[in-house]
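Asks: Need the 3D shape of this:
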Amino acid sequence: MSLVLTFRLMGHILVLDALAALYLTDTVHPAALVLVAGLTAAAWRPDLFSERLGQLPHFWELFTVGFLIFALADLLFLADSIIAALLHLLLFLVVYRLFHARTPREHLELVLLTFLQLLAASTLTASFGFLLVFCLYVVFAIWAFILWDLTRESELAACPGRATQVMPSGFLLSGGYAAALALALTAILFFFIPRLGQAFLPFRAPLGVQTTGFTDRVELGTYGSIQTDPTVIMRVSFPDDPSALSRLGDLRWRGIALDRFDGHTWSLSRSDVHPVRQAWQGRYLIAPYELGVPFVSAEVFLEPIGTTAVFVPPRVVGIELPLPRLGMDTAGSLSVPIPPAGRIRYQVLSQVAGPNPGRLRTSESPEDLAGLRARYLQLPALRPRVRALAERLAAGAATPSEVIARAATHLERNIRYSLDLGRATGRDPLEEFLFERRTGNCEYFASSLVVLLRAVGIPARLVNGFQRGEWNEVGQYLAVRQRDAHSWAEVYVDGHWLTVDPTPRAAFEERAFGQSGWIALSFDALRWRWNRYVVDYSLLDQASFALRLRQRSMAFQSATGRTLGQWSALLGRGVAALRRHARGLLGGVALVAIVCIALRRWRLDALDWRWVRRARRDHAPVAFYDGMLRLLGRRGYRRSPSTTAREFLGTLIAEPPLHGRAEALTALYERVRFGGQPLSPMEYAHARTTLREIMGLPRGRR
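Replies: As a prediction, the model looks like this:
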C-alpha cells in the first residue's frame, strides 16, 4: 500500500475512533453516529459518490446551507445543550472534509477535526471505555502524522514518484513503539503535573436510572422494579483503615426518613431543610464527637441516580463533600440542593462503635417532645384487625423495647420475604400483607412495623437507603447495587432513635443472587480504579501521593543508614580480628603459597613424565606435539581432524607468546613427521621446556 493511501486509511480509522468516543458520551444520538460511520465508509471511494450526485448540480452548496439553518435551530431549540449543538456542527465538518479531501494537507485537516471530537468527548464522559478509545487514537494518530510528514517531504523534494512508494515493513512496529512511549509519558505527566483544583466534573453526564424510592414520596411496592437490578450505584472504600469494615456491624446506608403515611404512600410532612455548618471549604460538621468512641473513615463514590440524598452510615459526625452546600432536615437526612449531574465523591467520618451501634442522634430538642410525638404517631384510619394485632403484641409489655422486639419477631417468624408484589385482594395493602398474602418486600415489613408501633404510642418512622453491599476482594471496596435498596424503621426510645430492621431478606438474597464471579469483580474493580485514580484524580490526591512518596523515601534512607551502620560495625570487628591474628594469618597465607607452588611444580613434572613415558611406550617421536594439542585444548583451541598443522597454528595469532612457542614445536613436529629426522637429546629437552612454558603462560582472550 502506498504512503498516500495508507495516510488516507489512518484518517478514516481516526474518524471511526472519534465516533466511538462520542458514543460513550450519550450526547449525540446513536442514529447520527451510525449515519456518519456509513458516510465514512462511502467516502473511501468519493468518485463513485460524486458520479451519482452529478445529476444534482450545486448539491454540496445546497446541503451546506440547509445544514446551517438546521444548526441554528438546533442551537436554539432542538439540542439538549450548547455542547451537543457544537458536536453536531463538528460532525458535519468531518463529513464535508471526508468527501472533499484530495491533498495530504486536507486529510491532515480531517485528522485535526477528529482530535477536536476526542477532546470534546473527554469532557463529557467518565466511562472506562474511553481509555481504550484514547489509546487507539494515540497509536493511529502517530502513524498518521509520520505518514503525513513523509508525503510532505516528498512534495518539498519535488519527488512525486515517492508518494506512491510502498510503506516500509517495519513502519507499523516503529510507530507502535513511539505510541507506547507517548502513552507512558502521558501517564507520568498526568500524575505529576500540578493540579489547579479539585477533580474536574463533566459539563454534562447522564443522570442514570431514576431510582424509585429516593424521593419525598414512596408508594408501597415501588421497590419491586429495582431490587433485582445488579447495577452498581455506589462504591465505598476504607483507605485509612481497610479493617474498619469489621467494626461496622450490620451496616446500612441511610438516605431519607419519611414520617407521614396515608395507608398507601409515605411522604414528608415537613420539608424544611437547614444548611449544615461548614467548618472549612468542603468539610461539614454533622454532629459533635463522643469521647472514647473510635472513628471510621469511608470514601464514597456515588453514581448519578437522580436523587438529592447523600447516603451515609449511622452516627455520622462529619463529611467532606466537594459541593458548596449541604442540607439536613429535621429527621437527620442529608441532601444537596439539586441532583448531581455527575458522579460525586465524598468522605464520611462516623463513630459506629459503642454500646448501641444502631442508636442515632436526634436533631429534636427535648422541649419539642410533644411535637415529635404528634409527628411520628400520625396514622390513617386503621383496619380493626391491624389495631387488634398491635394491641395484642403490646399487652403485658413492661417497656417500649419489649414491644419493639415482639413486633419485629412476629413479622420475621410469620411473614415470608418475597419480591412478588402482586395484590391478591382489594383490601388495604398492610392488612392484606399481614393477614392474607403474608409475603412482601422490605417496604411492607418496615411499614408494618412502624404502623404497629405507632398504634400503641411508640414514635417511629420509615427510612429508605441501601444495605451493606458486596465486598470486592479484588478492589478492596464495597459495591452497593440497585438491588441493595432497602427500607427499615427507626424508633424513638429514651431520647434516641434506634434502628430496627424486621425484614428477613438475607437468606432470600443469598439464594436468589449469590456472590458475583471473579471476572465480574475484576472488571468492576478495574472500572473503579479508573474512576478513582484517573477521572477523580485531584490536587488532594496528588498531595497525598507526594506525602507517601516522601515518607517511603525517608524510610528507605533510614533503613539504608541502619544497614550501612551494621556493615561498618561488622567491618570494624573484622579489621580488629585481623590485627589480633595477623601473625597466624600471614603464616597461613605463606603456607598456601608454598602448597600452590609445589602443586604447580608437580603438574609440570607429571606432564613431563607422562610425555616421556608415552614416547617410550609408543615409540612416538612426535608425542610432544600431542602434549601441546592437549594443553591448547584446555585453553579452548581445539584442532579438528580436517585441519592441517599450519592452519591450526594460524588460529593462535591472537596470542603472540603462545603462537611463538607453538610455532617452534610445530616446526619440530613437521621435521619429524614428514622429514623422517629424529630429534636429538637437546631438541627433546627444548621441546619439554617449551611445553612447560606453554603451561605457565596466563590465559588470554580468544
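
Asks: Break this structure down into its domains, please.
Replies: Segmentation of the chain into domains, based on automatic domain parsing, reads 3-192, 217-535, 587-696.

Asks: Residue 252 contacts residue 489, doesn't it?
Replies: No. Residue 252 is beyond contact range of residue 489, at 11.5 Å (criterion: C-beta atoms under 8 Å). To be clear about C-beta, it is placed using only N, CA and C from the backbone, and glycine gets the same treatment.

Asks: who does the helix or strand hosting residue 138 touch, helix- and strand-wise?
Replies: Assigned by DSSP states H and E, residue 138 falls within helix 129-156. Using 3 or more C-beta pairs under 8 Å, 6 or more residues apart in numbering; DSSP states H and E, the elements in contact with helix 129-156 are helix 3-25, helix 104-122, helix 171-192.

Asks: Out of these, which is the most enclosed?
Replies: Counting by mean count of other C-beta atoms under 10 Å, helix 3-25 has the highest mean neighbour count of the helices and strands packed on helix 129-156, with a mean of 21.

Asks: Leaving out sequence neighbours, find the closest residue to the residue nearest the centre of the chain.
Replies: The centroid of the chain falls nearest to residue 529 when counting by C-alpha atoms, centre = their mean (2.9 Å). Using C-beta to C-beta, 6 or more residues apart in numbering and skipping the chain neighbours, the partner closest in space to residue 529 is residue 475 (6.8 Å).

Asks: Number of residues surrounding the one you found?
Replies: As a burial measure, residue 475 scores 19 neighbours (other C-beta atoms under 10 Å).

Asks: Also the one 5 residues further on?
Replies: One way to gauge burial is a neighbour count; for residue 480, by other C-beta under 10 Å, it gives 26.

Asks: Tell me how far it lies from residue 148.
Replies: Residue 480 sits 49 Å away from residue 148, going by C-beta to C-beta, to the nearest Å.

Asks: Repeat that for residue 141.
Replies: From residue 141 to residue 148 the distance is 10 Å (C-beta to C-beta).

Asks: Now do the shared contacts for the two.
Replies: Counting by C-beta atoms under 8 Å, 6 or more residues apart in numbering, the shared contacts of residue 141 and residue 148 are residue 111.

Asks: ranges for the helices of the stretch 351-500 of the chain?
Replies: 369-376, 384-394, 400-414, 429-431, 442-455 (DSSP state H, counting those that start in this stretch).

Asks: Can you list the low-confidence ranges for the stretch 551-700 of the chain?
Replies: Along the stretch 551-700 of the chain, the parts satisfying pLDDT under 70 run over 578, 583, 585, 598-621, 699-700.

Asks: now residue 234, what's its secondary structure?
Replies: Classification of residue 234 using DSSP: H, G, I helix; E, B strand; the rest coil returns strand.

Asks: picking that back up, how about the helices of the stretch 351-500 of the chain, which one is nearest residue 115?
Replies: Closest of the helices of the stretch 351-500 of the chain to residue 115 is helix 442-455, at 50.4 Å (criterion: C-beta to C-beta).

Asks: Show the secondary-structure elements that that closest one is packed against.
Replies: By 3+ C-beta pairs under 8 Å, 6+ apart, helix 442-455 packs against strand 260-261, helix 384-394, helix 400-414, helix 429-431, strand 460-467, strand 485-493.

Asks: Residue 624: which element?
Replies: Here residue 624 sits within helix 623-634, counting by DSSP H and E.

Asks: Next secondary structure after that helix?
Replies: That would be, after helix 623-634 and using DSSP H and E, helix 645-650.

Asks: Can you give me the buried ones in that next one?
Replies: Neighbour counts using 16 or more other C-beta atoms under 10 Å place 645, 648, 649 of helix 645-650 among the buried residues.

Asks: Redo those as CSV? Include distance to residue 152.
Replies: Shown next, in CSV, are the buried residues of helix 645-650 (distance: C-beta to C-beta, whole Å):
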residue, distance to residue 152
645, 65
648, 60
649, 61
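
Asks: Which of those sits closest to residue 132?
Replies: residue 648 (63.3 Å).

Asks: doesn't residue 524 make contact with the residue nearest to residue 529?
Replies: Yes. With contacts counted by C-beta under 8 Å, residue 475 reaches residue 524, the gap being 7.0 Å.

Asks: Where does pLDDT dip in the stretch 351-500 of the chain?
Replies: Ranges of the stretch 351-500 of the chain meeting pLDDT under 70: 352-367, 421-426.

Asks: Kindly recompute the last result at 50.
Replies: For the stretch 351-500 of the chain, residues meeting the criterion pLDDT under 50 lie at 354-357, 363-367.

Asks: Let me know the angle separating the longest helix along the chain from helix 171-192.
Replies: Longest helix in the chain, counting residues (DSSP state H): helix 539-580. Orientation note: helix 539-580 sits at an angle of 90 degrees relative to helix 171-192 (axes from the mean of the first three to the mean of the last three C-alpha atoms, to 10 degrees).

Asks: Tell me the gap between helix 539-580 and the middle of its chain.
Replies: 32 Å (C-alpha atoms, centre = their mean, to the nearest Å).

Asks: same for that helix, what does it pack against?
Replies: Packed against helix 539-580, as judged by 3+ C-beta pairs under 8 Å, 6+ apart, are no other helices or strands.

Asks: still on that earlier bit, could I get the helices and strands packed on helix 129-156 as CSV with distance to residue 670 and mean pLDDT?
Replies: Shown next, in CSV, are the helices and strands packed on helix 129-156 (distance: least, C-beta to C-beta, whole Å; pLDDT from 0 to 100):
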stretch, distance to residue 670, mean pLDDT
helix 3-25, 65, 90
helix 104-122, 74, 90
helix 171-192, 57, 83
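
Asks: Quick one, which of those helices gets closest to residue 582.
Replies: Comparing those by C-beta to C-beta, helix 171-192 comes nearest, at 55.5 Å.

Asks: by contact count, what packs against that closest one?
Replies: Using 3+ C-beta pairs under 8 Å, 6+ apart: helix 171-192 touches helix 129-156.

Asks: most packed of the domains of the chain?
Replies: Highest mean neighbour count among these (mean count of other C-beta under 10 Å): domain 217-535, with a mean of 18.

Asks: Off-centre distance for that domain?
Replies: Worked out by C-alpha atoms, centre = their mean, domain 217-535 lies 30 Å from the chain centre.

Asks: first to last residue in it, what's the distance?
Replies: Chord length of domain 217-535, first to last residue, is 34 Å (C-alpha to C-alpha, to the nearest Å).

Asks: Residue 251 is in contact with residue 315, isn't it?
Replies: No. Counting by C-beta under 8 Å, residue 315 is not a contact partner of residue 251; they are 11.3 Å apart.

Asks: Name the spans of the stretch 201-350 of the chain whose pLDDT lies under the cut-off.
Replies: Judged by pLDDT under 50, the stretches of the stretch 201-350 of the chain that qualify are 201-213.

Asks: what about the helices in it?
Replies: Under DSSP H, counting those that start in this stretch, the stretch 201-350 of the chain gives no helices.
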